[in-house]
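S.K.: Here you go, sequence then predicted model.
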Amino acid sequence: MKRRYLAIVVLLVLGCGGGTVRDMRSAFEKGDYSEVVMLGRHAVHRGKANANVHYYYGLALVAEGRDGEGFNELDAAVRADAKLKPKAAQKLGELAERDRISSSDRARRLRKAHELDPSRDLGRDGFAVAATYYQDRDYEHAAATYTDVIQKFPDVPECERAYARLADCWRALGQDDKAREAMETLVKRFPQSREAMGAAASLNDILYQDAQRHFDAGEYDDAIASATELVDQANNRSLQQKGRFLLGQAYEAKGDRTAAYNAYRELIRSDRGDSGQIVERARARMVALQEAGLQ
């Protein structure tokens, strides 16, 4: 009777995955990941995969470079047993440091480890992790991760690209003020960089759009302020000329003919033969202002 009882207990344990887990753990610790994968696959197909089966199965898949499948199995493991999260995160962190893996795979493993256990400090690797979110167009998580790592490491070279991508994220999320702030910081801190030059051009486009929007809304003082700033700082001659013309229009709308005339005249004086029709439009406005009584 006693032997029969023990036999039943053993069968129950094996049926619940206890033996499978033991074998998977042993194979994993030996580095025999293909054995772990085989045992895990069979357990899943039989419908007898508990949390630990998914756990070792997932880690072994990652160890074999099948990260996407492995992450899915680890998700199944922590859904079944949330206590596995910090343990899984630790193991993923170790797998991220293995030799001969790409920088992208390393970053994605660290990202998954951090998602499982947010208390893990990404350190400077946060820049690489944020880049994976950006590549996946997960702009919300990318923005949050870039913001966090920039605050922790404000003086490292990675900040240059991080600010540029952070601006892209905020624009994609409809947060234009934050996007502008990121670009302004980029231009101020890395003025000679390629990323800063692109940001400066974007800022000037925004200034022109602001000026045009204010003008269309009848907010002429604000239009004049934005157009003046654009003319003072833009390196793009065509955009400068458009700013000068809009400045003349805003002054005309305010009834300040002298200021409008001067804005159009400055547009013509600054022409280097590349301003096209806008010069002729400025001349036409100057003639109209003179005919209207401007001395």
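M.R.: Arrived safely, thanks for sending.
S.K.: and the gap between Lys91 and Glu291?
M.R.: 82 Å (Cβ to Cβ, to the nearest Å). Yep, even glycine has a C-beta here, placed from its N, CA and C like the rest.
S.K.: I figured Ile268 hits Ile278, correct?
M.R.: No - using Cβ atoms under 8 Å, Ile268 makes no contact with Ile278, being 9.7 Å away.
S.K.: those helices in the stretch 101-250 of the chain, which residues are they?
M.R.: Under the criterion DSSP state H, counting those that start in this stretch, the stretch 101-250 of the chain contains helices at 103-116, 126-135, 139-152, 159-172, 176-189, 194-216, 220-233, 237-254.
S.K.: Include mean pLDDT and distance to Val37 when you put those into a markdown table, please.
M.R.: Formatted as a markdown table, the helices of the stretch 101-250 of the chain follow (pLDDT from 0 to 100; distance: least, Cβ to Cβ, whole Å):
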| stretch | mean pLDDT | distance to Val37 |
| --- | --- | --- |
| helix 103-116 | 97 | 17 |
| helix 126-135 | 98 | 25 |
| helix 139-152 | 98 | 30 |
| helix 159-172 | 96 | 36 |
| helix 176-189 | 94 | 44 |
| helix 194-216 | 90 | 43 |
| helix 220-233 | 93 | 59 |
| helix 237-254 | 93 | 58 |
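S.K.: so who does Arg283 touch?
M.R.: Arg283 makes contact with 264, 268, according to Cβ atoms under 8 Å, 6 or more residues apart in numbering.
S.K.: on that earlier part again, any chance of the helices of the stretch 101-250 of the chain in JSON lines with mean neighbour count and distance to Ala263 as columns?
M.R.: JSON lines is the format used below for these (neighbours: other Cβ atoms under 10 Å; distance: least, Cβ to Cβ, whole Å):
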{"stretch": "helix 103-116", "mean neighbour count": "20", "distance to Ala263": "51"}
{"stretch": "helix 126-135", "mean neighbour count": "22", "distance to Ala263": "41"}
{"stretch": "helix 139-152", "mean neighbour count": "19", "distance to Ala263": "39"}
{"stretch": "helix 159-172", "mean neighbour count": "22", "distance to Ala263": "31"}
{"stretch": "helix 176-189", "mean neighbour count": "18", "distance to Ala263": "25"}
{"stretch": "helix 194-216", "mean neighbour count": "18", "distance to Ala263": "12"}
{"stretch": "helix 220-233", "mean neighbour count": "19", "distance to Ala263": "9"}
{"stretch": "helix 237-254", "mean neighbour count": "21", "distance to Ala263": "4"}
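S.K.: so which of these comes closest to Glu97?
M.R.: With Cβ to Cβ, the closest approach to Glu97 among the helices of the stretch 101-250 of the chain belongs to helix 103-116: 7.6 Å.
S.K.: What helices and strands are in contact with that closest one?
M.R.: Where contact means 3 or more Cβ pairs under 8 Å, 6 or more residues apart in numbering; DSSP states H and E, helix 103-116 is packed against helix 67-80, helix 85-96, helix 126-135.
S.K.: quick check: angle from the second one to helix 103-116?
M.R.: The directions of helix 85-96 and helix 103-116 differ by 170 degrees, with axes from the mean of the first three to the mean of the last three Cα atoms, to 10 degrees as the criterion.
S.K.: Which residues in helix 85-96 does the neighbour count mark as buried?
M.R.: The neighbour-count criterion (16 or more other Cβ atoms under 10 Å) identifies 85, 87-89, 91-93, 95-96 as the buried residues of helix 85-96.
S.K.: before we move on, back to that, for Ala253, find the nearest of the helices and strands packed on helix 103-116.
M.R.: Each of those has some distance to Ala253 by Cβ to Cβ; the shortest is helix 126-135, at 42.4 Å.
S.K.: Extract the C-alpha set from that closest one and format it as PDB.
M.R.: Extracted in PDB, the C-alpha atoms of helix 126-135 (Å, rounded to 0.1, in the frame of the first residue of the first chain):
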ATOM      1  CA  GLY A 126      19.200  53.600 -21.300                       C
ATOM      2  CA  PHE A 127      20.200  55.400 -24.500                       C
ATOM      3  CA  ALA A 128      20.300  52.100 -26.400                       C
ATOM      4  CA  VAL A 129      17.100  50.900 -24.800                       C
ATOM      5  CA  ALA A 130      15.300  54.100 -25.700                       C
ATOM      6  CA  ALA A 131      16.500  53.700 -29.300                       C
ATOM      7  CA  THR A 132      14.700  50.300 -29.500                       C
ATOM      8  CA  TYR A 133      11.400  51.900 -28.600                       C
ATOM      9  CA  TYR A 134      12.100  54.600 -31.100                       C
ATOM     10  CA  GLN A 135      12.800  52.100 -33.800                       C
END
